[in-house]
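Trainee: Structure for the following, please:
(2 chains)
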Amino acid sequence: MHLTIPLFIPLAAGIVGLLLPRGLARWASLAGTLAVLGYSVAMIVDFDSATRGLQWVTNETWIDTLGIHYKLGVDGLNLFLILATAFLWVIATLYAAVREWDRPRLFYFNLGLAETAVLGAFLAQDLALFVVFFDLMLVPFYFLIGAWGRGNRVYATTKFVIYTLSGSLLMLAGAVALGVLSTPEGGQISFQLSDLTVHPVGHGTQVWIFLLFAAAFLIKAPAFPLHGWVPETYRATPIPVLILLSGILSKVGMYAFLRIVIPIMPGASATLQELMLVIAVVSILYGSVLAFSQDDARLVVAYSSIAQLGFILLGIFALDPKSAQGSVIQMLNHAVVVAGLFVIIGVIAARARESESLERLGGMALRAPVLAGLFLIVALATLAMPGSPNFVGEILILFGTFDEKFVYGLVASVGVVLAAVYMIRLYQRTMHNRAGPDVASSDLSYRLDLPALAPVALVLIALGLYPQFVLHRTEASTTPKIVRAAIKAGSDPGPQHAEATTVKGATP
Amino acid sequence: MILTLAAKVTPPVIDYKGFSPLIALVGGTVLVLLVALFRGRAVQRGLVPLLTAGTLLTAMGLSVWVWHAGDSRPIVEGAIERDALAMGMSMIFYVAGLATVLLSHRSVAVREAGAGEYYMLLLSSVTGMVLLAQAANLVTLFVALELLSIPLYVLCASHVRRRTSLEAGLKYLVIGSLGSATLLYGLAMIYGATGTTSFAGIDNALGDTVSIADPLFLTGVGLALTGFAFKASVAPFHQWTPDVYQGAPTPITAFMAVATKAAAFAMFLRVLDQALPSAQTYWAPALATLAVITIIVGNVGAIAQSSLKRMLAWSGVAQAGYIAAGVVVGTQKGLEATAFYLFVYLLMNVGAFAVIVARERVSEFGDDIRSLEGLGRAAPWLAWPMTICMLALAGFPATGGFIGKFYLIDAAVSGDYAWLGIVIVAGSVISLVYYLRVIAVMFMGPFEITLPAMPGRPARRVKPVGGWSPEADAWRQPEVVIVALLCAAATIFFGVWPNPLFDVVRDMGTSIQSLIG
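Mentor: The predicted structure follows:
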């Protein structure tokens, strides 16, 4: 398996689309995303779940002078995130392809560039390469929101880019510092994650670099005090882009905590564990409360995402193998669920004169039973109903957290209850109640809506029925990532993981 | 008597091979001036620019021919030396000069000032810059600086029928002379303290006979730094920049923005790294402070600008602050990072200015940001280069600007100035506000615009279409579009595959002996 191929297929498809006649760009783009999806499914089939290390590694020197390598690799940690990326891009492209866009070639080119950038961030095994892709993904999103959004889109997209890039650039400084300072005396500078893990920097340095990284990833997530860009951006973003923004972009930062921050800076992760847990718990509560009080359906989902990402963050920084596993699963679940929710919001808005205000919606279930049924599946998954994939994820996160940090676990479990409150409210206000003034109900259109919505519902049901499929493949890779930090934090990673430490060649 | 004197003076050894680029430039300058005496249209519009470009290309070829890595070799003993640093910097001046020739082709300024005078002044300025990069002592340095500055004062004012152009020229003359005078004071004091004008001699003297804490010497260094800061538009000596950049004819603005800046930094590197490395404990903190002020002032100043030329002027101030970080650390890596950034800075800025040149000639808004409205639809061949240049200046990855900033931060952190790296990224964040606005204006205009009601036709909403007038077709000025496209393509190329450029700057990094090892 050559990882370069799926990485650059979307960009290539986008460029081909630029050269084709206007009407054909969408099909080029769709073919590209389907090819990536096919490739990532093949990766899962071919994946050896017993191997702990990276598979299908590509490692070339890219920029010799700066010690930057073009190093890609897959393990259990990013395997399913790549699949989720590929899947959501297909959903978003399908949703977009059956609709008309102004300047379609440019639109699909940006979608393709965005997929390449996100896949690159997930695949990169070199810190500098990760930074390159992490920053690069802002460019297409800047255009997608600013040129095809609604309302105050230019303001929104500028705010979004400035917020997120301020984090990214701080991370850039941190990354360079990490590379330079961890270079052994007289050695060649290297940004490969494997090298950085072997040569940790001093504790004080770790702490400030950790903070720079955390800023970048928490802004992107978004987590509680750094979420200022959320309302405007979510309101302005077109639905297919919003699926990607909320479903995938938010996971890149969380993934990077597990891939980069905790393994390379275990000491700082242990020291700042409490801070991160507080941010996680506050995000859960704050997001839930705000989700409950919003009138705009998009913002309900937006703030619920803040809460969900709080859960994921909690699972990561509980520094417990179980909860870390839960976080990885939850990243996948949340991606799929959010995609479903935003497609549904798009569908609803199309039937309510583009209104997304809960005040003006309601009573759609009667005329649109299929829509209501699918919405119910997605809504129940979001509130982590037993039998849904989110249930597995949240339970694992909470179990792990109860083991290590009882109080935080207790507070966080309130979030589970709150999720039920805001999701049911969202469902009732749109589907039940009296028909709103703007609503002109009709059921799902086979051409416009089902292509995007049906796969989401199917995947959700499949994940709920057989979560072991994911658990098996992620376990071997997730646990070693947090072992060193867990030991430093004084929690017990379990005896069976002791050898993971020795494999990594680190001293606890 | 005279004979005995003459016998005592040993003539300096001159390396004519190393001298050849300068000879070509001076010869070309004279030739251009003489040929331009013929008043025919073909000569004025065709032959003279062609000769200018030919001169630059010849000099460029000769510079490549005499290129060598490693320590400097004398051209004129004790006055001019050649090494990879000088040759690499010369490349920036030649490329900037060539781009200026192309951008000036249809410029009104050339017609008003006369082609001969205009191109001759341009060539003399380039000559001054090339000489400056090769300077081995303070006297050559100052002479070269004047040789590059004085033609520029005139060129700024070459759009003689526009009041702002004259104002720019005069302002630049006054402030530039002040900067030169300050510098000359400083150089004189350094000479007074150390007793020598040669860079190598000063470096030796500082180790031996002269204390680094000598007040005379330190005052000299301070004044010299101030003089350099004037030329490089480092805050707080930057106030002339926006006015002069806006008033000067745009091709000349482009030239000043990249070539003068590169020359100023060549001066910084030569004097600070070659002559004064042992005084680094004194000049580095001072320059670091100036860099921080420059980054903040430049970025904040750029936010409020609606004229693109003024915006780029302020952004140039901010970028000077970033580049100064490479000088502050005083290491080989710092020098390489500075040189690398100057190369990509050349590409990003010339690309942006080329688009401004193309637009201001056809748009009623001149160089105002409104001249770019809807350009993404109307003239993608201009909009994309501008977009790429703006993203590169802001430091987005996959552009040379990203690699350049990466390298500068790398150099800053390695040189124990990690906080300066953080100031650079903080500055970049502020800079997004104004760089992104340019892109937004081009690509994110309304989907529909309302056409006013006309007799017999009600007001209606239509999709905006490009092409305000036939002249607005960008390809009516192919040479400008080509400059923009080449610069943008090179910016992307060096962002994805910077290794060739790294090879060049690595050679340049070996030039200054005291930095190696």
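Trainee: Could you list the buried residues of the strand ranked longest in chain A?
Mentor: As assigned by DSSP state E, the longest strand anywhere in chain A is strand A:55-63. If you call a residue buried by 16 or more other CB atoms under 10 Å in any protein chain shown, then strand A:55-63 has these buried ones: A:55, A:58, A:62-63. Every C-beta, even on glycine, is put in place using the N, C-alpha and C of the backbone.
Trainee: tilt between the helix or strand following it and strand A:55-63?
Mentor: Next helix or strand after strand A:55-63 toward the C-terminus (DSSP states H and E): strand A:68-74. If you take axes from the mean of the first three to the mean of the last three CA atoms, to 10 degrees, strand A:68-74 sits at 170 degrees to strand A:55-63.
Trainee: ok, then the element right after strand A:68-74?
Mentor: Counting by DSSP H and E, what follows strand A:68-74 is helix A:76-97.
Trainee: can you give me the mean pLDDT across that following helix?
Mentor: Mean per-residue pLDDT for helix A:76-97: 93.
Trainee: helices and strands around that helix, which ones?
Mentor: helix A:4-19, helix A:25-46, helix A:104-123, helix A:239-244, helix A:250-256, helix A:321-350, helix A:450-465, helix A:468-488 (3 or more CB pairs under 8 Å, 6 or more residues apart in numbering or on different chains; DSSP states H and E).
Trainee: What is the longest one packed up against?
Mentor: Meaning helix A:321-350. helix A:76-97, helix A:239-244, helix A:250-256, helix A:297-317, helix A:369-382, helix A:389-404, helix A:450-465, helix A:468-488.
Trainee: do the same with the third one
Mentor: Of the remaining helices and strands, those touching helix A:104-123 by 3+ CB pairs under 8 Å, 6+ apart are helix A:4-19, helix A:25-46, strand A:68-74, helix A:76-97, helix A:127-136, helix A:138-148, helix A:239-244, helix A:250-256.
Trainee: closest one to B:Leu22 among the ones you listed?
Mentor: strand A:68-74 (38.3 Å; CB to CB).
Trainee: hmm, who's touching the closest one?
Mentor: Strand A:68-74 is contacted by residues A:3-4, A:7, A:43, A:47, A:54-62, A:82, A:123-126, A:128-129, A:190-192 when judged by CB atoms under 8 Å, 6 or more residues apart in numbering or on different chains.
Trainee: If we use 6 Å, what do you get?
Mentor: A:3, A:54-62, A:123, A:125-126, A:128, A:191-192 (CB atoms under 6 Å, 6 or more residues apart in numbering or on different chains).
Trainee: what's B:Pro385 in contact with, if anything?
Mentor: With CB under 6 Å, 6+ apart, B:Pro385 has these contacts: B:351, B:355, B:484-485, B:488.
Trainee: Out of these, which comes closest to chain A?
Mentor: B:Ala488 (14.2 Å; CB to the nearest CB).
Trainee: circling back: and the two most separated of the contacts of strand A:68-74?
Mentor: A:Gln55 and A:Ala128 (21.9 Å).
Trainee: count of neighbours near residue 282?
Mentor: Just going to use chain A. 16 (other CB atoms under 10 Å in any protein chain shown).
Trainee: Wait, chain B was what I had in mind.
Mentor: Count around B:Tyr282 with other CB under 10 Å applied: 17.
Trainee: What pLDDT is listed against it?
Mentor: 90.
Trainee: try the one 4 residues further on
Mentor: Reported pLDDT at B:Ala286 in the predicted model: 92.
Trainee: tell me which parts of chain A are close to chain B?
Mentor: A:63, A:65, A:102, A:132, A:135-136, A:139, A:146-147, A:154, A:158, A:162, A:166, A:169-170, A:173, A:176-177, A:180 (CB under 6 Å from any CB of the partner chain).
Trainee: excluding its backbone neighbours, what's nearest the residue nearest the centre of chain A?
Mentor: Among the residues of chain A, A:Lys251 comes closest to the average C-alpha position under CA atoms, centre = their mean, at 2.1 Å. Excluding the flanking residues, the one nearest A:Lys251 by CB to CB, 6 or more residues apart in numbering or on different chains is A:Met331, at 4.6 Å.
Trainee: can you pull the contacts of the one you found?
Mentor: The neighbourhood of A:Met331, defined by CB under 6 Å, 6+ apart, consists of A:251, A:254, A:312.
Trainee: Next up, the contacts around the second one.
Mentor: Okay, so that is A:Met254. Contacts of A:Met254 (CB under 6 Å, 6+ apart): A:312, A:331.
Trainee: Quick check: it vs A:Val282, distance?
Mentor: A:Met254 sits 16 Å away from A:Val282, going by CB to CB, to the nearest Å.
Trainee: Check the last one too.
Mentor: For A:Ile312, the distance to A:Val282 under the criterion CB to CB works out to 14 Å.
Trainee: which residues of chain B score low on pLDDT?
Mentor: The model of chain B has pLDDT under 70 over residues B:1-3, B:5-6, B:447-449, B:462-472, B:516-517.
Trainee: All the strands of it, in order from the start?
Mentor: B:73-76, B:80-82, B:449-451, B:460-462.
Trainee: closest one to A:Leu24 among these?
Mentor: Closest among the strands of chain B, using CB to CB: strand B:460-462, at 25.3 Å.
Trainee: my guess is A:Pro238 contacts A:Gly146, does it?
Mentor: No. Using CB atoms under 6 Å as the test, A:Pro238 is too far from A:Gly146 to be in contact (10.7 Å).
Trainee: got the residues of chain B near chain A?
Mentor: So chain B meets chain A at B:396-398, B:409-410, B:413-414, B:418, B:421-422, B:425, B:428-429, B:432, B:436, B:440, B:443-444, B:447, B:498, B:502 (CB under 6 Å from any CB).
Trainee: Show me those residues that map onto helices.
Mentor: B:409-410, B:413-414, B:418, B:421-422, B:425, B:428-429, B:432, B:436, B:440, B:443, B:502 (DSSP state H).
Trainee: Grab the two from those residues that are most spread out in space.
Mentor: B:Ser414 and B:Phe443 (38.3 Å).
Trainee: follow-up on the earlier one: could you dump the contacts of A:Met331 to a markdown table with pLDDT and distance to A:Asp443?
Mentor: Output for the contacts of A:Met331, formatted as a markdown table (pLDDT from 0 to 100; distance: CB to CB, whole Å):
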| residue | pLDDT | distance to A:Asp443 |
| --- | --- | --- |
| A:Lys251 | 92 | 32 |
| A:Met254 | 92 | 36 |
| A:Ile312 | 94 | 34 |
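Trainee: Most neighbours among the ones in helices among the residues of chain B next to chain A, please name it.
Mentor: B:Ile409 (30 neighbours).
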